[in-house]
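J.: requesting a structural model of the entry that follows:
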Amino acid sequence: MEKIDLVNSYRREQDRRERKGLTAQDIEIIKLICYEKTSREIAEKLGKSVRTIEGSRLAIMRIIGAKSTAGVIMYALREGIVTVYE
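T.: Next up is the predicted model:
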């Protein structure tokens, strides 16, 4: 029964993110930002250009209403994208 609750919880989180307009790649970028990765490091990991990642970061901030990287991190914590214990 606990496994089902975890699956349902994950689906609710995924639905909430999709309503915000974030893609799976946006979520991955948010996680990497929270792990203190630079745009260059994110680009290398995802096989994208630095300019593409910089544009994605700005788009993510616009979508979630963040004014800074700190706002992105606060959003990630609030929405359960990352936890303090990771």
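
J.: contact partners of whatever helix or strand Gly55 lives in?
T.: Assigned by DSSP states H and E, Gly55 belongs to helix 50-64. Residues from elsewhere that reach helix 50-64, judged by Cβ atoms under 8 Å, 6 or more residues apart in numbering: 20-22, 25-26, 29-30, 33, 39-40, 42-43, 46, 48, 66-68, 71-72, 75. C-beta: built from backbone N, CA, C; applies to glycine.

J.: how far off centre is that helix?
T.: Relative to the chain's own centre, helix 50-64 is displaced by 11 Å; criterion: Cα atoms, centre = their mean, to the nearest Å.

J.: got it, and stretch 22-32?
T.: Averaging C-alpha positions (Cα atoms, centre = their mean) puts stretch 22-32 4 Å from its chain's average.

J.: what residue ranges in the protein score low on pLDDT?
T.: 1-19, 86 (pLDDT under 70).

J.: rerun at 50
T.: 1 (pLDDT under 50).

J.: and the helices in it?
T.: 2-20, 24-34, 39-46, 50-64, 69-78 (DSSP state H).

J.: dump those helices to CSV, plus mean neighbour count and distance to Tyr85.
T.: Converted to CSV, the helices of the chain look like this (neighbours: other Cβ atoms under 10 Å; distance: least, Cβ to Cβ, whole Å):
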stretch, mean neighbour count, distance to Tyr85
helix 2-20, 11, 17
helix 24-34, 18, 13
helix 39-46, 16, 22
helix 50-64, 16, 22
helix 69-78, 15, 11
